[in-house]
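A.B. asks: what shape does this take:
(one chain, ligands or ions: 2)
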Amino acid sequence: MAEKISTIIFTDNDRLKELLCSFIKDLSDYEIFDAWSSEADIVASLKNMDKVLVFVDMAKDRHKFIEKITSEYSKLKIVAIKENPDVNFIVSAIRAGAKEILAYPFIKSELSDMLERVKEQFSIDIQKHDKCKMITVFSNKGGIGKTSIAANLALELAQITKENVALIDLNFQFGDITAFMDIQPSFDISYMFDNLNILNRDFLLSTMEKYKDTSLYVLADSPYFKPSKQISSKQVTKFFEVLKESFSYIIVDTDTTLDAKTITTLDYSDMIFLVTIVNLPALRNCQRCLGLFEKLGYDENKAQIIINRYMENDEITLSDVETLLKKKIYWKIPNNYFALMASINKGVLVSEDNPSSNVAASYKELAINVADTVFRNKFVKKFTPESERKIENILEI
Ligand SMILES: Nc1ncnc2c1ncn2[C@@H]1O[C@H](COP(=O)(O)OP(=O)(O)OP(=O)(O)O)[C@@H](O)[C@H]1O
Ligand SMILES: [Mg+2]
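C.D. replies: Numbering: from 1, shown residues only. Ligands and ions are numbered 1, 2, ... in the order given. Just a heads-up that it's a prediction; the model follows:
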C-alpha cells in the first residue's frame, strides 16, 4: 500500500501512549499522526484526513464518542482498548462502531496481528470503491433528455451486467424518475438523507425500490410535492460513499441547478455525461459547463459530451459541434419523439417498451460501452457479426 495509514491515539494513560508509539513508529504501513487526550482535538484533526486508525482507550466510557466519529467519518477505523474486556463490553463497543478490540495490557504479536487485519480491511475498502463506477448525467438546460438517458442507461446496465445498479434522482422537488418508471418507492431519497448514520449496504438494498425483476435499485423522491430542503456537501459525500460500497454502478439524474449538492455529486463522480442538443443556445450552455469543470479542476476525460435528439440532416454538423466545444463527442442518441412519448405515457422505459427502436438501441450500446470490459466482451460475443460491426462503428464516434 503506497499511502500510510495514520494513527491517532486517544488516551490519558502515558504508558499506553508510549507503548503504542514505540511499536507503530517502526511499521512501514502505519505512521503516528498524534496522541490526544481530548475529543475536540481528535474531531478537529480528522477533518482533513483520509485513512485513519484511532485507538480509543475505554478506561473511560467513550462509546458515544466512537458512535459520533464513525457516523461522521467513514474512512476511519476504531480500535477500542480495554483492560479485561468482557462479552458485554465487546458487543457494546462493536455496536458503537469499533472495528477491533484490544485487551490491555497487550502483547506485541496481538497488536501486530490486529494491525495487519486493519490494513487488509483498508485495502478491501479501496477495491470496493474502485469497483464502482459512478456516472452523473447533467446539463444546465432543462428538458434536454437527462432523465431519459439516466433511467434507460441504468436499466440497460442492470440487464447487461446483472450487477447491482443504483439510479438516483437528485432532483428532490420535481424529480421525474418515479413518473418515468411508474413507481412509488416506500422510502424516498429525503428519508435516506435524514438517516445517514444508519445507512449501509443491507439497509440500502432492503429499502431502495427494486425495479421489477432486475438488479436495478431506484432512489427518488416521492411523487408528491414536498418543500425542498438544504443538503450539505458533507451529507452528499457520506451518502455516495455508502452507495459506492454497495453498488457496481451508480447513475445519477440531476436538475439544472448548480448548488452545493450537485457540485459535490459531480466532484464525486467518475464520469459526467454532459447532455446537449444541437442548437446554439444549448451548445453555448454546454461550453459554459465545460469551462466550469475546468475551473473545478476536473480531468478533461471526466466530462463527456452526449448529443441527444441527433438528426442526420441537422444544419449544424457534429464536426461543427466538436470545433465549437473543442472536444470530441462521446455519444449521440437519435431523435425519436414518438417512441419516447409512447413509453413515457405508459410509465415504462423505452428500453422495455420498444427495445428495437433506434433510441433504445442507442441506450443499450451506450450501456455496453460504459460497462466494464469483461461484460462488454461477453455481451458483444452474443451479437451477430453484423450487429457487432454496428457497435464497433458506434464505439468509434
Ligand atoms: N432522444 C430523444 N428523442 C426525442 N425526444 C426525446 C429524446 N430524449 C428525450 N426526449 C424528450 O424530451 C423531453 C424531456 O426529456 P427528459 O425529461 O428526459 O429531459 P430532462 O433533461 O430530464 O428534463 P428536466 O430538465 O425537466 O429534468 C421528454 O418529453 C422526452 O420524451
Ligand atoms: Mg429530468
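
A.B. asks: so what's K108 closest to, chain neighbours aside?
C.D. replies: Counting by CB to CB, 6 or more residues apart in numbering, K108 lies nearest to F23, which is 6.6 Å off, once chain neighbours are set aside. (Glycine included, C-beta is placed from N, CA and C.)

A.B. asks: what number of residues lie near the one you found?
C.D. replies: When counting by other CB atoms under 10 Å, one arrives at 16 neighbours for F23.

A.B. asks: what separates it from L318, distance-wise?
C.D. replies: Distance of F23 to L318, computed by CB to CB, to the nearest Å: 62 Å.

A.B. asks: point out where the stretch 201-350 of the chain drops to low pLDDT.
C.D. replies: Residues of the stretch 201-350 of the chain that meet the criterion pLDDT under 70 lie in 222-229.

A.B. asks: ok, now with 90
C.D. replies: Where the stretch 201-350 of the chain drops to pLDDT under 90, the residues are 201-203, 205-207, 213, 220-235, 237-238, 245-246, 255, 257-261, 295-297, 299-300.

A.B. asks: return the distance of the strand or helix carrying T147 from the chain's centre.
C.D. replies: In the assignment (DSSP states H and E), T147 maps to helix 146-161. On the basis of CA atoms, centre = their mean, to the nearest Å, helix 146-161 is displaced by 16 Å from the centre of the chain it belongs to.

A.B. asks: can I get that helix in CSV? Just the C-alpha atoms.
C.D. replies: Extracted in CSV, the C-alpha atoms of helix 146-161 (Å, rounded to 0.1, in the frame of the first residue of the first chain):
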residue,chain,number,x,y,z
LYS,A,146,-31.2,13.9,-18.8
THR,A,147,-33.8,11.7,-17.2
SER,A,148,-34.5,9.7,-20.3
ILE,A,149,-30.8,8.9,-20.6
ALA,A,150,-30.2,8.3,-16.9
ALA,A,151,-33.1,5.9,-16.5
ASN,A,152,-32.6,3.9,-19.7
LEU,A,153,-28.9,3.7,-19.2
ALA,A,154,-29.3,2.4,-15.7
LEU,A,155,-31.8,-0.2,-16.7
GLU,A,156,-29.7,-1.4,-19.6
LEU,A,157,-26.6,-1.6,-17.4
ALA,A,158,-28.5,-3.8,-14.9
GLN,A,159,-29.8,-6.0,-17.7
ILE,A,160,-26.4,-6.4,-19.3
THR,A,161,-24.2,-6.8,-16.3
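
A.B. asks: that helix and ligand 2 in contact?
C.D. replies: Yes. On the criterion CB under 5 Å from the ion, helix 146-161 is in touch with ligand 2 at K146, T147.

A.B. asks: tell me which helix or strand comes right after that helix.
C.D. replies: Sequence order places strand 165-169 as the next helix or strand after helix 146-161, per DSSP H and E.

A.B. asks: quick one: that following strand to helix 146-161, angle?
C.D. replies: Our comparison of strand 165-169 with helix 146-161, counting by axes from the mean of the first three to the mean of the last three CA atoms, to 10 degrees, yields an angle of 170 degrees.

A.B. asks: tell me which strands strand 165-169 pairs with, and in which orientation.
C.D. replies: Strand 165-169 has the following strand partners under DSSP bridges: strand 216-219 (parallel), strand 249-253 (parallel).

A.B. asks: residues making contact with it?
C.D. replies: When contacts are defined by CB atoms under 8 Å, 6 or more residues apart in numbering, strand 165-169 is touched by residues 147, 150-151, 154-155, 157-158, 175-178, 189, 204, 208, 211, 215-221, 243, 246-253.

A.B. asks: how about that strand, does it reach ligand 2?
C.D. replies: No. Strand 165-169 does not reach ligand 2 (CB under 5 Å from the ion); its nearest approach is 8.1 Å.

A.B. asks: for the helix or strand just after that strand, name the packing helices and strands.
C.D. replies: Later in the chain than strand 165-169, the nearest helix or strand by DSSP H and E is helix 177-181. The contact analysis (3 or more CB pairs under 8 Å, 6 or more residues apart in numbering; DSSP states H and E) places helix 177-181 against helix 146-161, strand 165-169.

A.B. asks: next, count neighbours for L292.
C.D. replies: For L292, the neighbour count with other CB under 10 Å is 15.

A.B. asks: residues touching it, list them.
C.D. replies: Residues counted as contacts of L292 (CB under 8 Å, 6+ apart) are L258.

A.B. asks: go again with 6 Å.
C.D. replies: For L292, no contacting residues are found, by CB atoms under 6 Å, 6 or more residues apart in numbering.

A.B. asks: tell me the SS of it?
C.D. replies: For L292, the assignment made with DSSP: H, G, I helix; E, B strand; the rest coil gives helix.

A.B. asks: can you tell me how far it sits from K146?
C.D. replies: L292 is 17 Å from K146, by CB to CB.

A.B. asks: kindly report the same for I344.
C.D. replies: Remark: distance between I344 and K146 (CB to CB) = 14 Å.

A.B. asks: more neighbours, the two?
C.D. replies: Neighbour totals were compared for I344 and K146, and K146 leads with 26 against 18 (other CB under 10 Å).

A.B. asks: my guess is that one contacts T136, does it?
C.D. replies: No. The pair K146 / T136 is not scored as a contact, 9.5 Å apart, by CB atoms under 6 Å.

A.B. asks: now do the shared contacts for those two.
C.D. replies: By CB under 6 Å, 6+ apart, K146 and T136 have no common neighbours.

A.B. asks: what residues does the stretch 151-300 of the chain put near ligand 1?
C.D. replies: Counting by CB under 6 Å from any ligand atom, the stretch 151-300 of the chain comes close to ligand 1 at D176, D255, T256.

A.B. asks: and the residues you listed, which are buried?
C.D. replies: Among these, the ones that count as buried by 16 or more other CB atoms under 10 Å are D176, D255.
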